[in-house]
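Asker: The amino acid sequence is not available; the structure is as follows:
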Ligand SMILES: Cc1cc2nc3c(=O)[nH]c(=O)nc-3n(C[C@H](O)[C@H](O)[C@H](O)COP(=O)(O)OP(=O)(O)OC[C@H]3O[C@@H](n4cnc5c(N)ncnc54)[C@H](O)[C@@H]3O)c2cc1C
Ligand SMILES: Nc1ncnc2c1ncn2[C@@H]1O[C@H](COP(=O)(O)O)[C@@H](O)[C@H]1O
C-alpha cells in the first residue's frame, strides 16, 4: 500500500490532537508515515504509532526553532523525496498551511487547504471543504503532482490503530533561504487550563452583549461547568475584553465542536464563518431578530445576565 | 535610495452579499458585488505607515483579477498608494492559488520591489497561503501574519501571534510580509485622496507582458479540480424560546436531552 506523509504538530514532543485526526484520515488513503521535526521524537513516536504511524521520520536541528517556516519546508521536502508518498497531510494551523504551501511549489504539486474530510477516490484523495462561510460544501482533488492537503482540526475522531511507529532519522540539508527569517524572541502562550479552542468538544463564546471584560467570568463559569473552551466575537476582542487568541471567526479560530454556545453574539457572517459547522448550536440573545437564531438548534431570547448564570447553576446541580 | 513597496490586493465578492459558484465551479465574480478585500486594507494601511516612516518610499498596489478589480486598485490609491498595476487577461479565468502566486511573482519582479505586503488571507478563498508562496517563488524571506510591523536599516521586523506562542521576527529586505487585522485600523480615503487617485497611473499588464503562457494558468492549467459544489442544506429550524424566568433551566433541559449533561 502507498505511504502517506503526515506532518506532526507538537509542542516539545507532545503531539497535538489534530495530528491524531490526520493519522486516522491518512489510513483511508494509505499507510501513514509521520514526519516529526524538533525534540522528543521518541516520546512522540509512541503516540504516533498508537494511532497508526508505521514509521516516524525524525529530524532535530536548532534551525527549526530559530527561523520561521523555511527550515521545516526543507525537511518536509526531504521526507517527500525519500518516501514518494501518495499524499502529504498537514494540520491546518497558520504555520501548517504555510509549510504546505511552500512544499507544494517545490514539489510541483497542487494544494487543497482546510479540508474537513478526506476519502480515497479513483483519481487520488478527494477532499471535502466548507466554503463561503460554510454556505457551500465542495469536493476537490489535486490533479498535478503529489496531493498536498491541509486538514482542519476536529475533522475526524482519532481512532487508535496500533502500528510500529519506528523512528528513523531523516537527513535534512538546509537550503540557502532557510535562515532568512530569524525568530528573535518567543513567548509561549500561557495555558488557561481549559481545553484548546480548536480541539474542544464544547465551546462557549461571548460577544458584545457581555458589555465589558468584567463580565467574561460569566462565560468562563459556564465553560468550566461544561468542561468547555472559551471563545469570543471580534467585537469583544476589539474592545479588549478577551484575548485575541480566543476569537472565533474568519480572522480568528475556526471551530467545529459538538456543541457551540453563543451568548450576546449577533451572528455576523464573519463570525459564522468560524463556527457554522458546529454540530449543535445554541444561542442566548435578547434580540429575537439576531441572525444567530437562523443557525440554532436551540435558542433563548433573553438577557444573558439572567440566562447564563441560571444555566451554569443548573449544569452544576445536575452534575450532582 | 527609495524604498519600493508593492502591496498585493484582491478584489473579492462582498461577503455580506450573495456568494456562489459559476457553472464551471469557479467562484462567481461576474454577477455579484465586489470590493477590495477588507483584509487587504490592513496591508495598504501598514504599507502607508512604513512609507511615512521612510525617507523616501513608493507604494505600488498590484492586483490579478478581472476588469472590475480596478475598483480595488482605485480604493487603495485613494487611501494613499502612489501607483497601481493591474494584471488582467481572459486566460486567467479559473486560475488557482499556485497559478496566482506565479503571476503575482512575475508581476512583482517586473515592478521592482524591496518589500511586498499582503493581507493575511483573502476573504473569498480564505487560504492564507499566497504570501508564503510568493516568498518561495521570489526566493526571499517570508515575514508573515504580523500584528505589528516596521522597517528600518534595511530590515523588516514584526510580531507574529501564533497558535502556541508569540514570536518576534526579523528579516533583511527584500522580503514578503503579510499583516493581520490586528495590525491597526485602516484609514478611510479622504475626499482629497479620492480626487487625487483619479490621476494616479494604473498600468495594465497581460500574460504576454509577463512572459506567461496561457496553458500555465487558468482553469486548464489549474493544479486542483473542484468536482462538486453543493449548497449546504439550511440548518433545520431549531426551537427558540423566550425567557420568562426559566430560560436557563429550559436550556439545561435541552442540553440534557442531547446528552451534553
Ligand atoms: C474582514 C472582517 C473579518 C472579521 N472577522 C471576524 C471574526 O473572526 N470573528 C468575529 O466574531 N467577527 C469578525 N468580524 C466582525 C463581524 O462583522 C461583527 O462585527 C462581529 O462578529 C460582531 O460581534 P458581536 O456579535 O459580539 O457584536 P454585535 O453584532 O454588536 O452583537 C451583539 C449582540 O449581543 C446582543 N446583546 C446585547 N446585550 C445583551 C444581553 N444583555 N443579553 C443577551 N444578548 C445581548 C445584541 O442583541 C446583539 O445581537 C469581521 C469583520 C470583518 C469586516
Ligand atoms: N488575485 C490576487 N491579486 C493580488 N493579490 C492577491 C490575490 N490573491 C491573493 N492575494 C494576496 O494574498 C493574500 C492572501 O491570499 P490567499 O492566500 O488567497 O488567502 C491576500 O490578502 C492578498 O494580499
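Answerer: Received, thanks. Computed from a predicted structure; not experimentally measured. Ligands and ions are numbered 1, 2, ... in the order given.
Asker: Please tell me how far residue A:210 sits from residue A:257.
Answerer: Distance of residue A:210 to residue A:257, computed by C-beta to C-beta, to the nearest Å: 20 Å. (C-beta placed from N, C-alpha, C; glycine too.)
Asker: I misspoke; the intended subject was residue A:232.
Answerer: Taking C-beta to C-beta, one finds residue A:232 at 15 Å from residue A:257.
Asker: Kindly report the same for residue A:115.
Answerer: 18 Å.
Asker: Look at the two and report which has more neighbours.
Answerer: residue A:257 (26 against 23; other C-beta atoms under 10 Å in any protein chain shown).
Asker: Then the more buried one would be within a helix, right?
Answerer: No. Applying DSSP: H, G, I helix; E, B strand; the rest coil, one finds residue A:257 to be coil, outside a helix.
Asker: ok, the one helix or strand in chain B whose mean pLDDT sits lowest near chain A or not?
Answerer: For chain B, the helix or strand with the lowest mean confidence is helix B:218-221, at a mean of 87 (criterion: mean pLDDT, DSSP states H and E). No. If you take C-beta under 8 Å from any C-beta of the partner chain as the test, helix B:218-221 misses chain A, and the best it gets is 9.1 Å.
Asker: The spatially closest residue to residue B:17 that is not a sequence neighbour: how many residues sit nearby?
Answerer: Residue nearest to residue B:17 in three dimensions, not counting chain neighbours: residue B:33, with 5.0 Å by C-beta to C-beta, 6 or more residues apart in numbering or on different chains. If you count neighbours by other C-beta under 10 Å, residue B:33 ends up with 11.
Asker: does any part of the least confident helix or strand of chain B sit near ligand 2?
Answerer: No. Shown here: helix B:218-221 not in contact with ligand 2 (C-beta under 6 Å from any ligand atom), separated by at least 13.2 Å.
Asker: Tell me the gap between that helix and the middle of its chain.
Answerer: Offset of helix B:218-221 from its chain centre (C-alpha atoms, centre = their mean, to the nearest Å): 21 Å.
Asker: Next, count neighbours for residue A:12.
Answerer: With other C-beta under 10 Å as criterion, residue A:12 counts 11.
Asker: Quick check: it touching residue A:36?
Answerer: No. Under the criterion of C-beta atoms under 8 Å, residue A:12 makes no contact with residue A:36, lying 11.6 Å away.
Asker: Next up, the contacts around the residue nearest to residue B:17.
Answerer: Residues counted as contacts of residue B:33 (C-beta atoms under 8 Å, 6 or more residues apart in numbering or on different chains) are B:13-14, B:17.
Asker: Which ones among the residues you listed lie within strands?
Answerer: residue B:13 (DSSP state E).
Asker: I'd like the contacts of residue B:33 laid out as CSV, including neighbour count.
Answerer: Converted to CSV, the contacts of residue B:33 look like this (neighbours: other C-beta atoms under 10 Å in any protein chain shown):
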residue, neighbour count
B:13, 22
B:14, 15
B:17, 12
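Asker: now the contacts of residue B:33 as TSV including distance to residue A:150 and pLDDT?
Answerer: Converted to TSV, these look like this (distance: C-beta to C-beta, whole Å; pLDDT from 0 to 100):
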residue	distance to residue A:150	pLDDT
B:13	23	87
B:14	26	84
B:17	28	74
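Asker: If we only consider the contacts of residue B:33, which is nearest to chain A?
Answerer: Nearest to chain A among those, counting by C-beta to the nearest C-beta, is residue B:13 at 8.4 Å.
Asker: if I read this right, the closest one contacts residue B:27, doesn't it?
Answerer: Yes. Counting by C-beta under 8 Å, residue B:27 is a contact partner of residue B:13 at 6.8 Å.
Asker: quick revisit: immediately after the least confident helix or strand of chain B, which helix or strand?
Answerer: Downstream of helix B:218-221, the first helix or strand assigned by DSSP states H and E is strand B:224-231.
Asker: which parts of that next one are buried?
Answerer: Residues of strand B:224-231 classed as buried by neighbour count (16 or more other C-beta atoms under 10 Å in any protein chain shown): B:224-226, B:229.
Asker: Helices of chain A, start to end?
Answerer: A:17-26, A:41-50, A:63-66, A:70-83, A:94-107, A:216-226, A:234-238, A:269-272, A:304-318 (DSSP state H).
Asker: what's the third one in contact with?
Answerer: Identification of contacts with helix A:63-66 by C-beta under 8 Å, 6+ apart yields A:37-38, A:71-72, A:75, A:174, A:178-179, A:182-183, A:186.
Asker: As JSON lines, the residues you listed with neighbour count, distance to ligand 1 and pLDDT would be great.
Answerer: Shown next, in JSON lines, are the contacts of helix A:63-66 (neighbours: other C-beta atoms under 10 Å in any protein chain shown; distance: C-beta to the nearest ligand atom, whole Å; pLDDT from 0 to 100):
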{"residue": "A:37", "neighbour count": "25", "distance to ligand 1": "29", "pLDDT": "98"}
{"residue": "A:38", "neighbour count": "20", "distance to ligand 1": "30", "pLDDT": "97"}
{"residue": "A:71", "neighbour count": "26", "distance to ligand 1": "30", "pLDDT": "98"}
{"residue": "A:72", "neighbour count": "25", "distance to ligand 1": "26", "pLDDT": "98"}
{"residue": "A:75", "neighbour count": "29", "distance to ligand 1": "32", "pLDDT": "98"}
{"residue": "A:174", "neighbour count": "17", "distance to ligand 1": "35", "pLDDT": "98"}
{"residue": "A:178", "neighbour count": "22", "distance to ligand 1": "32", "pLDDT": "98"}
{"residue": "A:179", "neighbour count": "16", "distance to ligand 1": "33", "pLDDT": "98"}
{"residue": "A:182", "neighbour count": "19", "distance to ligand 1": "29", "pLDDT": "98"}
{"residue": "A:183", "neighbour count": "15", "distance to ligand 1": "26", "pLDDT": "98"}
{"residue": "A:186", "neighbour count": "15", "distance to ligand 1": "25", "pLDDT": "96"}
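Asker: That concludes my questions; thank you for your assistance.
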